[in-house]
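task: produce atomic coordinates for the following.
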Amino acid sequence: MGHEYVNNGADIYRESFRIIRAEADLSRFPADVEHVVARMIHSAADTAIAPDIAFTPGVVTAARQALEQGAAILCDSSMTATGIIRSRLPRNNEVVCHIKEPRLAELAKAQQTTKTCAAVDMWSADGQLDGSVVAIGNAPTALFRLLEVVAETGQRPAAVVGIPVGFVGAAESKQALVDSDLHLEYLTLLGRRGGSAMTVAAINAIASWDELENNHI
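Okay, the predicted model is just below:
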């Protein structure tokens with residue numbers, strides 16, 4: 001038995017974003033942030049997240065400028081790193097994820113902490129953190145540790161897309177980002193919701209100005 005459905009990719013995307021803008025109130029977002037938020041909503045098929053998105057007005061500009069200058073994207077998980085579309089990156093930017101490196105497991109064991117916490121320390125020690133774009137989609141501990149390392153070292157990422165998901169620490173870590181006096185440029189979704197798909201959607205949107213085509217900034 002046949003089914004009636006839209007099977008043209010461009011039409012599906014166009015209708016998806018029409019629905020998003022019809023159902024979600026995006027009026028409080030600057031134009032560049034609104035574009036990113038629409039992609040986040042699309043990744044989750046959930047227009048209800050819009051009121052809970054917290055951001056600094058300059059976050060997209062800061063992230064884009066950093067990428068255009070060749071900044072690395074530092075990721076907390078393989079899922080986040082894998083989802084970033086390299087062809088959208090303006091300077092063949094390095095996408096860094098240490099999670100599978102043996103030295104990370106050794107460092108985490110020595111520090112008696114999570115591997116994602118230890119990865120943040122490695123970003124700092126390796127000189128990668130300052131001026132980078134940080135993408136955290138899975139690990140609240142990475143976001144907590146990022147705030148600590150910035151405070152301890154003075155190294156500052158250009159922008160933080162911090163949207164970890166979960167029941168333990170996720171909401172708290174994102175609230176800590178918002179409440180921090182470090183004056184970081186950030187984009188997050190308050191509460192338990194989030195994840196690598198939403199974080200990747202935000203990064204890919206920052207690196208691409210067109211919702212329907214694979215064009216880069």
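
I'd like the next helix or strand past the helix or strand bottoming out on mean pLDDT in the chain.
Within the chain, confidence by mean pLDDT, DSSP states H and E is lowest for helix 102-111 among all helices and strands, at a mean of 86. Counting by DSSP states H and E, the next helix or strand C-terminal to helix 102-111 is helix 115-125.

residues contacting that next one, please?
Residues from elsewhere that reach helix 115-125 (C-beta atoms under 8 Å, 6 or more residues apart in numbering): 74, 76-77, 96-99, 103-105, 107-108, 111, 128-129, 132, 138-139, 141-142, 144-146, 149, 153, 155. C-beta: built from backbone N, CA, C; applies to glycine.

average pLDDT across stretch 48-60?
Average pLDDT, stretch 48-60: 98.

quick check: end-to-end length of it?
End-to-end distance of stretch 48-60: 22 Å, with C-alpha to C-alpha, to the nearest Å as the criterion.

mind listing what's buried in that stretch?
For stretch 48-60, the neighbour count (16 or more other C-beta atoms under 10 Å) marks Ile49, Ala50, Ile53, Phe55, Thr56, Val59, Val60 as buried.

just curious, which of those is nearest to Gly70?
Distance to Gly70 across the buried residues of stretch 48-60 (C-beta to C-beta) is lowest for Val60, with 17.7 Å.

hmm, Glu34 and the closest one touching each other?
No - with contacts defined as C-beta atoms under 8 Å, Val60 does not count as touching Glu34, sitting 9.4 Å away.

need the contact list for the nearest residue to Ser180 once chain neighbours are set aside.
Nearest non-adjacent residue to Ser180, counting by C-beta to C-beta, 6 or more residues apart in numbering: Leu147, 5.6 Å away. When contacts are counted by C-beta under 8 Å, 6+ apart, Leu147 is found next to Ala176, Leu177, Ser180, Leu182.

which two among those are spaced furthest apart?
Of all pairs drawn from those, the one with the largest separation by C-beta to C-beta is Ala176 and Leu182; the distance is 10.1 Å.

roughly how far apart are Glu185 and Arg39?
Computed with C-beta to C-beta, to the nearest Å, the distance linking Glu185 and Arg39 is 18 Å.

ditto for Thr47
From Thr47 over to Arg39 the distance is 13 Å, taken as C-beta to C-beta.

neighbour count winner among those two?
When Thr47 and Arg39 are compared on other C-beta atoms under 10 Å, the one with more neighbours turns out to be Arg39, at 21 against 18.

still on that earlier bit, and for the least confident helix or strand of the chain, what's in contact with it?
Residues from elsewhere that reach helix 102-111 (C-beta under 8 Å, 6+ apart): His98, Thr114, Lys115, Cys117, Ala118, Ala119, Asp121, Met122.

for Arg21, state which of those is nearest.
Within the contacts of helix 102-111, proximity to Arg21 (C-beta to C-beta) peaks at Ala119, which comes in at 36.6 Å.
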